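>>> Predicted model, plus sequence, below.
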Amino acid sequence: MLSHAIRCVLMAACICGLSVVPAVAAELVLFEAAGCVWCEAWDAEIGMIYPKAAESRIAPLRRVDIHGERPDDLASVRGIIYTPTFVLMDSGKEVGRITGYAGEESFWGLLEIELRKLDDQIPDVAGASEAGRQPTVRQGE
C-alpha cells in the first residue's frame with residue numbers, strides 16, 4: 001500500500017499530465033471484425049477515450065482482425081469466436097479476457113477486474129472519472 005505522501009505525488013503528476021504508471025509489458029488486444037455492430041459501438045463510446053485513459057498506460061490497445069492472419073505472438077490465444085473480444089496480455093501470456101461489449105460502465109468495470117490481475121504494484125484505477133479516466137485518490141487512503 002502506498003503512503004499518503006506518495007499518493008499525493010502521483011496525483012499531482014497525473015494532474016500535470018506526467019506518466020505515473022510503471023512500464024509493464026502488458027497490452028489489451030481487441031479482436032474485432034468489420035461490420036460488427038458491437039465493435040462499432042465500442043469504437044463510438046470508448047475508442048477515442050481509451051488512448052487517453054489511465055488504463056491505456058497500463059495496457060495499450062492493439063487491434064486484430066478476427067478474420068485476418070493471426071500475428072505470431074498471439075498464436076497461443078485460442079477460442080476467439082465472438083467480437084469484440086478483449087484479451088489482456090502480459091509478457092506474451094493471456095492474463096484475462098472480456099468477451100463482448102455491453103456498454104461503457106460494464107467495459108470499464110470488467111477491465112478494472114482484469115487489470116488487477118497484472119500486478120499489485122499498478123496504481124489503483126478504480127477511482128477513474130468518466131470524462132478523463134484519470135485515477136483519483138479517495139479520502140481515507
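The structure has been received and is ready for your questions.
>>> What ranges does this protein have for its strands?
26-32, 61-65, 85-90, 93-99 (DSSP state E).
>>> now those as CSV including distance to Glu55, mean pLDDT and mean neighbour count?
In this view, the C-beta of every residue, glycine as well, is placed from N, C-alpha and C. CSV is the format used below for the strands of the chain (distance: least, CB to CB, whole Å; pLDDT from 0 to 100; neighbours: other CB atoms under 10 Å):
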stretch, distance to Glu55, mean pLDDT, mean neighbour count
strand 26-32, 8, 97, 22
strand 61-65, 9, 97, 15
strand 85-90, 10, 97, 21
strand 93-99, 12, 96, 16
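>>> any chance of these in a markdown table, with distance to Glu105 too?
Output for the strands of the chain, formatted as a markdown table (distance: least, CB to CB, whole Å):
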| stretch | distance to Glu105 |
| --- | --- |
| strand 26-32 | 18 |
| strand 61-65 | 19 |
| strand 85-90 | 15 |
| strand 93-99 | 13 |
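>>> Out of those strands, which gets nearest to Ser76?
strand 93-99 (7.0 Å; CB to CB).
>>> For the closest one, output the C-alpha coordinates as CSV.
Output in CSV follows, covering the C-alpha atoms of strand 93-99 (Å, rounded to 0.1, in the frame of the first residue of the first chain):
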residue,chain,number,x,y,z
LYS,A,93,0.7,-14.7,-22.0
GLU,A,94,-3.0,-14.3,-21.7
VAL,A,95,-4.0,-12.8,-18.3
GLY,A,96,-7.7,-12.5,-18.9
ARG,A,97,-10.4,-11.6,-21.4
ILE,A,98,-13.6,-9.7,-21.9
THR,A,99,-16.0,-11.2,-24.4
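>>> contact partners of it?
With CB atoms under 8 Å, 6 or more residues apart in numbering as the test, strand 93-99 has contacts from 26, 76-77, 82, 85-89, 107, 110-111, 113-114, 117-118.
>>> Run through the chain and note the low-pLDDT ranges.
1-24, 120-141 (pLDDT under 70).
>>> run the last query once more with 90
The chain contains residues with pLDDT under 90 at 1-25, 119-141.
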